[in-house]
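Novice: The following block contains a protein sequence and its predicted model.
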Amino acid sequence: MSEPFVIDRQQAAVLDTVRRFNAEVVAPVAAELDARADPEESFSWEIVEKADEFGLRTMTLSEDWGGGGADCVTTAMIIEELARADIGISVVMAQTLKIAQILQWALTREQQEKFIPIFRDDPRGVLAIGISEPDTGSNYLIRQDVPFHTKAEKVDGGWRINGMKRFISNGNRAGVYLLFAQTAADKSLFDGSTCFVIDRGLEGFTIGRVHDKMGERLANNAELIFKNCFVPDGQVVGEVGNGFQVLVDFFPASNAYAAASVLGAATAAYERSLEWCRNRVQGGKPLIEHDGIRTQLAEMHMLLDVARTYVRKATWMADHRETAWDPALSAFPKVFASHAAWKIVTWAAELHGGSGYMKETGIEKLVRDVAAFLHSDGVNRTLLLKAAQMIF
């Protein structure tokens, strides 16, 4: 596919770097890592270290902090391109890139000086955010009068945290986390929770189960367990009891980044299908010369273009919130992109016939990977309800 929506030479150069990273580092090992039975062994520190060498790991840190200063539009481009090689690597980096932005936007200068170097100076530094719980998944996306089960009790000099988070991307790998906990027992999680910034070494903070997933296996998701874990007052992000304002104020592009990940995987499925249909002969001519096949490929191309345009719109607005912002864009792009991607990968499997069911073509992996985003970053039906609440 021709390069879509590259605005300037710097973006083009960054994407060239990502393509080299994909070709040299990710593509040669992705299928083998995906096939490993133990989910922890599907993760690769070598890939993270190479991402650091290529300058990708810290791309969203400002130049003052030693990074690339990527804005939201460019970050989404990077995430999409990464997912064309493997969606799990895209997720590892997407979480890290977006949370690195938050560390700069939401933390005080004192907090930045403590936590950003922990991340920046470690070639294996990745980031995570602890929100989802066993009984609190969709509750934090739509306004319901329920609290987090992870509690933070005020004690002398700080907070004592007890509870568990689940399904956390990079949960067992991160060095720095944003953590949401209930600080007002008599209120909902929307008006009684607080955001904390913490590091991996806190006493009382351990990692639980690493989830064994159907797809997206090169990214680990894990449980975070807190047992009488003390967090100092100086690690509160924003205001006590107003943690969700951090998400509202500083996560405008999060949904679009998720859309970019699933879009990249769908693009890979389309490109493989296009090549297959040009070379596979049935009925005495290549598949692509059959009208029904040509029109299906055209529709796949159209869906990719529309989803990508939506991502660009959402990320441009996130970069220019003083000019224009639609709150529904914190829900819609991922919903549309994942619906489109699911169509594309299932059509790709059909176009490949029996070969699409075999692992050697790579299509079945893309089907498993894309399925994650019918749920990841919010269940689609829940996100549509969230958007409806904003609109109506």
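Specialist: Alright, I've got the coordinates.

Novice: Just the C-alphas of the helix or strand hosting residue 247, formatted as PDB.
Specialist: Element membership of residue 247 [criterion: DSSP states H and E] is helix 244-250. Provided in PDB are the C-alpha atoms of helix 244-250 (Å, rounded to 0.1, in the frame of the first residue of the first chain):
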ATOM      1  CA  PHE A 244     -10.400   9.900  36.700                       C
ATOM      2  CA  GLN A 245      -9.800  13.500  35.700                       C
ATOM      3  CA  VAL A 246      -6.300  12.300  34.900                       C
ATOM      4  CA  LEU A 247      -7.800  10.000  32.200                       C
ATOM      5  CA  VAL A 248     -10.100  12.700  30.900                       C
ATOM      6  CA  ASP A 249      -7.400  15.300  30.700                       C
ATOM      7  CA  PHE A 250      -4.400  13.300  29.600                       C
END
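
Novice: Can you spell out which helices and strands pack onto the following helix or strand past that helix?
Specialist: Using DSSP H and E, the helix or strand that directly follows helix 244-250 along the chain is helix 254-279. Other elements packing on helix 254-279 under the criterion 3 or more C-beta pairs under 8 Å, 6 or more residues apart in numbering; DSSP states H and E are helix 72-83, helix 87-106, strand 285-286, helix 291-319, helix 332-351, helix 363-371. Quick note: C-beta positions are derived from backbone N, CA and C, even for glycine.

Novice: okay, the ones you listed in TSV with mean pLDDT next?
Specialist: Converted to TSV, these look like this (pLDDT from 0 to 100):
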stretch	mean pLDDT
helix 72-83	97
helix 87-106	97
strand 285-286	97
helix 291-319	96
helix 332-351	98
helix 363-371	98
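
Novice: Can you name every helix or strand that the helix holding residue 247 contacts?
Specialist: Checked by 3+ C-beta pairs under 8 Å, 6+ apart, helix 244-250 has helix 87-106, helix 189-192 packed alongside it.

Novice: Going C-terminal from the shortest one, what's the next secondary structure element?
Specialist: Put plainly, it is helix 189-192. Next along from helix 189-192, by DSSP H and E: strand 193-199.

Novice: how far is that next one from where the chain is centred?
Specialist: Taking C-alpha atoms, centre = their mean, to the nearest Å, the mean C-alpha location of strand 193-199 is offset from the chain mean by 20 Å.

Novice: Check stretch 333-343 too.
Specialist: 14 Å.

Novice: How about stretch 316-330?
Specialist: That offset, for stretch 316-330, works out to 19 Å (C-alpha atoms, centre = their mean).

Novice: ditto for stretch 33-40
Specialist: On C-alpha atoms, centre = their mean, the centre of stretch 33-40 falls 20 Å from that of its chain.

Novice: Can you give me the buried ones in it?
Specialist: When burial is assessed from 16 or more other C-beta atoms under 10 Å, stretch 33-40 yields the following buried residues: 33, 34, 39.

Novice: Equivalent analysis for stretch 367-377, please.
Specialist: 367, 368, 369, 370, 371, 372, 373, 374, 376, 377.

Novice: Going by distance to residue 331, which of those wins?
Specialist: The shortest gap between residue 331 and any of those belongs to residue 377, at 9.7 Å (C-beta to C-beta).

Novice: Do I have it right that the closest one meets residue 254?
Specialist: Yes. Between residue 377 and residue 254 a contact is recorded at 7.1 Å, counting by C-beta atoms under 8 Å.

Novice: Quick check: phi and psi at the nearest residue to residue 268 once chain neighbours are set aside.
Specialist: Among residues not flanking residue 268 along the chain, residue 84 sits closest, at 4.7 Å (C-beta to C-beta, 6 or more residues apart in numbering). In terms of degrees, to the nearest 10, the main-chain angles of residue 84 are phi -70, psi -20.
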